[in-house]
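> heads up, no residue letters with this:
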């Protein structure tokens, strides 16, 4: 997987030198659009739309991050124009926690969230007191708990609560012991725990196949769509709107379906 991805990422990603200089302005004649993204599948999808935007006179620069905080920080601070990596519940939690007002522009794809284990062949095989690693950010933390509720492993008071926490668990028959860690770390510690709940972008980057390796996975009706995100002051920028159109084009739909084979699903 890594050998396949590297050429695409190199083609898609132009790491910004001195990105603290602020974002470009279409009014000033700068047709460069700076995008923050995570590597898989976001930067790969951006590689597909890059030549499409060039035909419209927009030069796409992609900076790849391996965490979920800096892409929002960089956009909020106007060092980067937009980002593409997150779900709306995650964005809402970020805005609430940071006092920012970043906004969604277009929903692009769904990455069904999965539960993985290298020690056990099924969720039923989890032992009493199993060590379970879940993301520590509010949105993905609750997403992991909701998946375990749906799979019948735990019971939540309200499984529709997009910000449910461990305090909302009303039944835990196996006495699972939860460890909350940064999402990017979860694939790395998969050998050290009984179960890990992993975002699909990090699972793919680690060489996991969600459709084959996950013991439980969200369905195609998952509400966790990944969005192109901007600020209120640039959401209507022609360059941003051009990117939104390209990301929701038939070419991108075909690419997602062909490349990821169900591990990533078009949301448009």
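Right, received. Where do you want to start? All values reported here derive from a predicted model rather than from experimental measurement.
> ok, longest helix in this structure?
helix 138-150 (DSSP state H).
> Can you pull the phi/psi pair for residue 111?
Note on residue 111: backbone dihedrals following degrees, to the nearest 10 are phi -110, psi 100.
> repeat for the one 5 residues further on
Per-residue torsions, residue 116: phi -130, psi 150 (degrees, to the nearest 10).
> again, but for residue 68
Note on residue 68: backbone dihedrals following degrees, to the nearest 10 are phi -100, psi 0.
> hmm, back to that, distance from the longest helix of the chain to the middle of the chain?
Centroid displacement of helix 138-150 relative to its chain, using Cα atoms, centre = their mean, to the nearest Å, is 14 Å.
> Output the contacting helices and strands for that helix.
Secondary-structure packing of helix 138-150 (3 or more Cβ pairs under 8 Å, 6 or more residues apart in numbering; DSSP states H and E): helix 88-98, strand 114-116, strand 131-135, strand 155-156, strand 195-198, strand 216-217. Every residue, glycine included, has its C-beta placed from N, CA and C.
> hmm, try it at 7 Å
If you count contacts as 3 or more Cβ pairs under 7 Å, 6 or more residues apart in numbering; DSSP states H and E, helix 138-150 packs onto helix 88-98, strand 131-135, strand 155-156.
> List the strands paired with the shortest one, with their directions.
Strand 155-156 has its sheet partners listed here by DSSP bridges as strand 169-171 (antiparallel).
> Could you list the buried residues of stretch 66-84?
Going by neighbour count (16 or more other Cβ atoms under 10 Å), the buried part of stretch 66-84 is 68, 71-76, 79-84.
> List of residues touching that stretch?
19-20, 22-24, 33-38, 42, 46, 63, 65, 85-86, 90, 94, 98, 100, 102, 108, 137, 183-184, 228-231, 234, 240, 243 (Cβ atoms under 7 Å, 6 or more residues apart in numbering).
> which ones among those are found in helices?
Among those, the members found in helices (DSSP H) are 46, 90, 94, 98, 240, 243.
> ok, the residues you listed vs residue 199, which is closest?
Nearest to residue 199 out of the ones in helices among the contacts of stretch 66-84 is residue 90 (Cβ to Cβ; 9.9 Å).
> What's the separation between that closest one and residue 121?
In this view, residue 90 and residue 121 are 31 Å apart by Cβ to Cβ, to the nearest Å.
> Looking at these two now, which is surrounded by more residues?
Neighbour count, other Cβ atoms under 10 Å: between residue 90 and residue 121, residue 90 has more, with 25 against 8.
> Can you check the pLDDT for the more buried one?
We have a pLDDT of 94 for residue 90.
> Quick check: which of the helices and strands packed on helix 138-150 is buried the most?
strand 131-135 (a mean of 23; mean count of other Cβ atoms under 10 Å).
> I'd like to know how many residues surround residue 162.
18.
> Got the phi and psi for it?
According to degrees, to the nearest 10, residue 162 has phi -70, psi -10.
> Surely it and residue 142 touch.
Yes: the criterion here is Cβ atoms under 7 Å, and residue 162 meets it with residue 142 at 5.9 Å.
> Any regions of this structure where pLDDT drops low?
1-29 (pLDDT under 70).
> Okay, strands next: where are they in it?
Assigned strands in the chain, in chain order: 32-38, 59-65, 82-87, 103-110, 114-116, 131-135, 155-156, 169-171, 177-181, 195-198, 216-217, 225-230, 265-266 (criterion: DSSP state E).
> Now that we have those, can you turn them into JSON lines and tack on distance to residue 251?
Conversion of the strands of the chain to JSON lines gives the following (distance: least, Cβ to Cβ, whole Å):
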{"stretch": "strand 32-38", "distance to residue 251": "17"}
{"stretch": "strand 59-65", "distance to residue 251": "15"}
{"stretch": "strand 82-87", "distance to residue 251": "16"}
{"stretch": "strand 103-110", "distance to residue 251": "13"}
{"stretch": "strand 114-116", "distance to residue 251": "27"}
{"stretch": "strand 131-135", "distance to residue 251": "32"}
{"stretch": "strand 155-156", "distance to residue 251": "39"}
{"stretch": "strand 169-171", "distance to residue 251": "43"}
{"stretch": "strand 177-181", "distance to residue 251": "36"}
{"stretch": "strand 195-198", "distance to residue 251": "28"}
{"stretch": "strand 216-217", "distance to residue 251": "26"}
{"stretch": "strand 225-230", "distance to residue 251": "16"}
{"stretch": "strand 265-266", "distance to residue 251": "11"}
